[in-house]
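1. Dropping the sequence and predicted coords here.
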Amino acid sequence: MKHITRLPLLCLFCLAGASLGSSASTTNEGEAKSAAATPGVNAGFITEFADDFGSLTNSPFFDSFGNVGLWTTTPSATLDVNGSIAANSGMVGRIFGPAGIGMWGESFGSSAGSDGVHGVAHGPASGVAGVNDSSSGVGVWGQNTSGGGTGVYGITGSGTGVSGTGYNGVSGVSPVSNGNGVVGTADVGGAAYGVWGLSSSGYAGFFTGRVNVTGRFDSPDKHFKIDHPLDPANKYMVHASVESSERMNIYNGMTTLDESGEATVTLPEWFEALNRDFRYQLTSVGAFAPIYIAEKIKDHRFKIAGGQPGMEVSWQVAGVRHDAYANANPMQVEEVKSDLERGFYLHPTLFGQPEEKGLEWAHDPQLMRQLKSAPQK
């Protein structure tokens, strides 16, 4: 018969895995067989004194093949606690073998707030901290096996939900077909950012592969940049894009006039479905000729006349977009800054303003102060 008195928390861990005698024998299948009948005592339970006269009763501890359960009769670990543990000096879980789990938290709750592991810090400490000193290990690991949940979730009122520091501060990898490595969502406020990248010396964002933007793309400067055609190993070639106050498409080509000094230019079938308000330019090649637009664009064709037979003509047609997206989102050439951004600038130093007047400081002044005060490497 096992007897214990009330023990401090530290001794609970001493019980787990300890070699304890038993008041019952068991079969190979683990079914308890009573070897001695003691009133108020059940096989498998570690007993305790019920009074000062030596009477015994079941304690909250249950022994099952070396696993000890507290408030559970089906312990699945060396110490299995069905409930919560409060420790003034914290709790430590260690694994010294090649595999295993130092500390495990599990919750079967069906509502938010039912946490397997929950950490709270009051002050500048960490609610939950994970540290790894191996080049191939993980400090904090989160996994969801349901197919629709979240492995790691961070939430904050005004700070940072999840923060990472390192060569790769945050890395997202999706092994699922058509999955997403990193997803950022921000739907509150017209100046919210789903993903925000900052760099004062390098690139705020770097993409290898195609980039798809389904909404408006804002930039004060748009270029193409390629390896230089004549010196690709040592130079780049950079060209600026053509800007306009309209969503304008430009098309051009060459045509040869027939024996009447005319030519009909055929455009793609979708031309008028995409464009409106056409503008024309014609240039004769090799000699002067009073060429002109004899017939405007209709049924994706236009006609040139006024030249000499066999003459080459360079033509250019521009049109303004009027597709469904363009019609639903008319272009605003001048925009009033939002209340949040008013008084701040895209490039404050160009207007004689300090860097703290940049838009980044309007959106997250706390983060910008942290970045500015961080030691420079």
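-> Received, thanks.

2. only C-alpha atoms for contact and neighbour calcs from this point on.
-> Fine.

3. which intervals of this structure have sub-threshold pLDDT?
-> Within the chain, the ranges that satisfy pLDDT under 70 run 1-40, 88-91, 97, 100, 112-113, 147-148, 157-158, 376-377.

4. rerun at 80
-> Across the chain, the ranges flagged by pLDDT under 80 are 1-41, 50-54, 84-169, 189-191, 200, 374-377.

5. Show me the domain layout of it.
-> 3-81, 248-328, 338-377 (automatic domain parsing).

6. Which parts of the shortest one count as buried, going by neighbours?
-> Think domain 338-377. 341, 344-345, 348, 355-362, 368 (16 or more other Cα atoms under 10 Å).

7. what would the residues you listed look like in JSON lines with secondary structure and distance to Ile155?
-> As requested, the buried residues of domain 338-377 are exported to JSON lines (DSSP: H, G, I helix; E, B strand; the rest coil; distance: Cα to Cα, whole Å):
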{"residue": "Glu341", "secondary structure": "coil", "distance to Ile155": "25"}
{"residue": "Phe344", "secondary structure": "coil", "distance to Ile155": "28"}
{"residue": "Tyr345", "secondary structure": "strand", "distance to Ile155": "30"}
{"residue": "Pro348", "secondary structure": "helix", "distance to Ile155": "32"}
{"residue": "Glu355", "secondary structure": "helix", "distance to Ile155": "29"}
{"residue": "Glu356", "secondary structure": "helix", "distance to Ile155": "27"}
{"residue": "Lys357", "secondary structure": "helix", "distance to Ile155": "28"}
{"residue": "Gly358", "secondary structure": "strand", "distance to Ile155": "27"}
{"residue": "Leu359", "secondary structure": "helix", "distance to Ile155": "24"}
{"residue": "Glu360", "secondary structure": "helix", "distance to Ile155": "21"}
{"residue": "Trp361", "secondary structure": "helix", "distance to Ile155": "22"}
{"residue": "Ala362", "secondary structure": "helix", "distance to Ile155": "22"}
{"residue": "Met368", "secondary structure": "helix", "distance to Ile155": "20"}
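
8. Show me the one of the domains of the chain that comes nearest Tyr153.
-> domain 338-377 (20.2 Å; Cα to Cα).

9. surely Tyr236 meets Lys225?
-> Yes. Counting by Cα atoms under 8 Å, Tyr236 sits close enough to Lys225 to count as a contact (6.6 Å).

10. picking up where we left off before, if we compare the domains of the chain, which one ends up closest to Gly181?
-> Per Cα to Cα, nearest to Gly181 of the domains of the chain: domain 338-377, 24.0 Å.

11. The closest one: how far from the chain's middle?
-> Chain-centre distance of domain 338-377: 24 Å, with Cα atoms, centre = their mean, to the nearest Å.

12. on that earlier part again, turn the domains of the chain into JSON lines, columns for distance to Val152.
-> Formatted as JSON lines, the domains of the chain follow (distance: least, Cα to Cα, whole Å):
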{"stretch": "domain 3-81", "distance to Val152": "24"}
{"stretch": "domain 248-328", "distance to Val152": "37"}
{"stretch": "domain 338-377", "distance to Val152": "22"}
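
13. which one of those domains lies closest to Ile101?
-> When the domains of the chain are ranked by proximity to Ile101 (Cα to Cα), domain 3-81 comes first, at 10.7 Å.

14. Which residues are in contact with Asn180?
-> 173-174 (Cα atoms under 8 Å, 6 or more residues apart in numbering).

15. Which of the helices or strands spans it?
-> Under the criterion of DSSP states H and E, Asn180 resides outside all helices and strands.

16. Which single one of the buried residues of domain 338-377 is nearest to Pro60?
-> Met368 (53.6 Å).

17. count of neighbours near Gly66?
-> 17 (other Cα atoms under 10 Å).

18. Same question for Thr255.
-> With other Cα under 10 Å as criterion, Thr255 counts 17.

19. and the helix or strand hosting it, what other elements does it pack with?
-> Using DSSP H and E, the element containing Thr255 is strand 248-256. Secondary-structure packing of strand 248-256 (3 or more Cα pairs under 8 Å, 6 or more residues apart in numbering; DSSP states H and E): strand 263-266, strand 312-321.

20. please redo it, this time with the cut-off set to 10 Å
-> Packing contacts for strand 248-256, counted by 3 or more Cα pairs under 10 Å, 6 or more residues apart in numbering; DSSP states H and E, involve strand 263-266, strand 275-285, strand 312-321.

21. Pull up the pairing partners for the helix or strand following the second one, direction included.
-> If you walk from strand 275-285 toward the C-terminus, the next helix or strand you reach (DSSP H and E) is strand 292-295. In its sheet, strand 292-295 lies beside strand 301-305 (antiparallel), with partners assigned from DSSP bridges.

22. could I get the strand it pairs with in CSV with only the CA atoms?
-> Taking Å, rounded to 0.1, in the frame of the first residue of the first chain, the C-alpha atoms of strand 301-305 are listed here in CSV:
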residue,chain,number,x,y,z
ARG,A,301,-9.8,49.5,-88.6
PHE,A,302,-8.7,52.9,-89.8
LYS,A,303,-7.6,54.2,-93.3
ILE,A,304,-4.6,56.3,-94.3
ALA,A,305,-4.6,58.3,-97.6
